[in-house]
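Novice: generate coordinates for the sequence data below:
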Amino acid sequence: MDQQLQTSDQWYEQGVTFDRQGQLQNAIACYTQAIDLQADYYEAWVRRGLTLMLLEDFRPAIGNFNQAVALKMDLDLAWYLKAYCHAKMQADDFALLALQKAFALNPQQWIEMAGKEPAFDHLRQDPRFQELVVS
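Specialist: Purely as a prediction, here's the structure:
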């Protein structure tokens, strides 16, 4: 990894590059550097969480999404990804709460996507899920 990188934005961009190359551990290290330089870099928290999620490391991913939404409550992507992680861990109540928030922030984006996402298959028969999708 290039230790010449100086700014949080440079570390973030290097992380995105590693992500695109499938070098997920290097991407995580870069996002961590970006966060170390700028603790309120919510985009880096989301990207690191997403990368952890892709590695099926759901608990740390949720921790990153939690930090991102603590910094910026209207991050509908982070809420949706958090719901995905909870659903994969069979934590249905938490998944539904996070979906509710994502749907409230950006219904056009997430309701349709959640309807097709296999991670939510087991939730589709839950009346709470059905209520979220129609409301």
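
Novice: could you tell me how many residues sit around residue 122?
Specialist: Residues near residue 122, counting by other CB atoms under 10 Å, number 13. Placement of C-beta: from N, CA and C, glycine included.

Novice: no no, residue 71
Specialist: For residue 71, using other CB under 10 Å, the count is 16.

Novice: so it makes contact with residue 45?
Specialist: Yes: with contact defined as CB atoms under 8 Å, residue 71 counts as touching residue 45 (7.0 Å).

Novice: where does this structure have low pLDDT?
Specialist: Within the chain, the ranges that satisfy pLDDT under 70 run 1-3, 135.

Novice: domains for it, by residue range?
Specialist: With domains defined by automatic domain parsing, the chain comprises 1-72, 73-135.

Novice: so where do the helices sit in this protein?
Specialist: For the chain, the helices defined by DSSP state H occupy 8-20, 24-37, 42-54, 58-71, 76-88, 92-105, 107-116, 127-134.

Novice: packing partners for the first one?
Specialist: Translated: helix 8-20. helix 24-37, helix 42-54 (3 or more CB pairs under 8 Å, 6 or more residues apart in numbering; DSSP states H and E).

Novice: how about those in TSV, adding distance to residue 77 and mean neighbour count?
Specialist: Listed next are the helices and strands packed on helix 8-20 as TSV, based on distance: least, CB to CB, whole Å; neighbours: other CB atoms under 10 Å:
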stretch	distance to residue 77	mean neighbour count
helix 24-37	15	20
helix 42-54	6	23
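
Novice: would you format these as TSV with distance to residue 110 included?
Specialist: Formatted as TSV, those follow (distance: least, CB to CB, whole Å):
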stretch	distance to residue 110
helix 24-37	23
helix 42-54	15
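
Novice: and of these, who's closest to residue 127?
Specialist: helix 42-54 (27.1 Å; CB to CB).

Novice: packing partners of that closest one?
Specialist: In terms of contacts (3+ CB pairs under 8 Å, 6+ apart), helix 42-54 is packed against helix 8-20, helix 24-37, helix 58-71, helix 76-88.

Novice: now those as a markdown table including distance to residue 122?
Specialist: Shown next, in a markdown table, are the helices and strands packed on helix 42-54 (distance: least, CB to CB, whole Å):
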| stretch | distance to residue 122 |
| --- | --- |
| helix 8-20 | 29 |
| helix 24-37 | 27 |
| helix 58-71 | 15 |
| helix 76-88 | 7 |
